[in-house]
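# Sequence below, structure please.
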Amino acid sequence: QVRLVESGGGSVQAGGSLRLTCTISEYTRSDYCMAWWRQAPGKERERVARLGRGGLVYIFDSGEGRFATSQDRTKHTQYLQMNSLKPWDTAMYYCAFDPACTHDYDYWGQGTQVTVSS
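Residues are numbered from 1 along each chain as shown. The predicted model follows:
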């Protein structure tokens, strides 16, 4: 059973940085896609970044210019580096696994809380 384990959330002041980590277990192929999502209380879930085939990276509006994502496929580990954090970045952050690269996220991490204070 594929499992995603996240870590790295926490509380920071505005302007600070955090790095989230997501490790995929029980999966051996190196060609896959995944994404980072977040959901704040009372708001819809939004996609923050996506790692596509061949290492293509997409950073969506909310993180543009501040967030970066990368991966170590040999370790099935993905990272979300978040810089210049703002209070509105406060949310639960999730990694999501798309093994067939069809934008169908079959597996989700447990979530890690990010809280940014002003």
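# Bridged to the residue most central in space within the chain, which residues?
Central residue of the chain (Cα atoms, centre = their mean): residue 36, 2.8 Å from the mean position. On the basis of DSSP bridges, residue 36 is bridged to residue 49, residue 95.
# Check whether it really touches residue 95, as I assumed.
Yes: here residue 36 reaches residue 95: they are 5.7 Å apart, a contact under Cβ atoms under 8 Å. For every residue, glycine as well, the C-beta is placed using N, CA and C.
# which residues do those two both contact?
By the contact definition Cβ atoms under 8 Å, 6 or more residues apart in numbering, residue 36 and residue 95 are jointly contacted by 20, 22, 78, 80.
# Show me which of the residues you listed are buried.
With burial judged by 16 or more other Cβ atoms under 10 Å, the buried subset of those is 20, 22, 78, 80.
# Just the element for the closest residue to residue 76 other than its chain neighbours, please.
Closest residue to residue 76 apart from its sequence neighbours, by Cβ to Cβ, 6 or more residues apart in numbering: residue 24 at 4.2 Å. According to DSSP states H and E, residue 24 maps onto strand 18-25.
# In that strand, which residues are buried?
Neighbour-count burial for strand 18-25, counted by 16+ other Cβ under 10 Å, picks out 18, 20, 21, 22, 23, 24.
# Quick one: mean pLDDT over it.
Strand 18-25 shows a mean pLDDT of 95.
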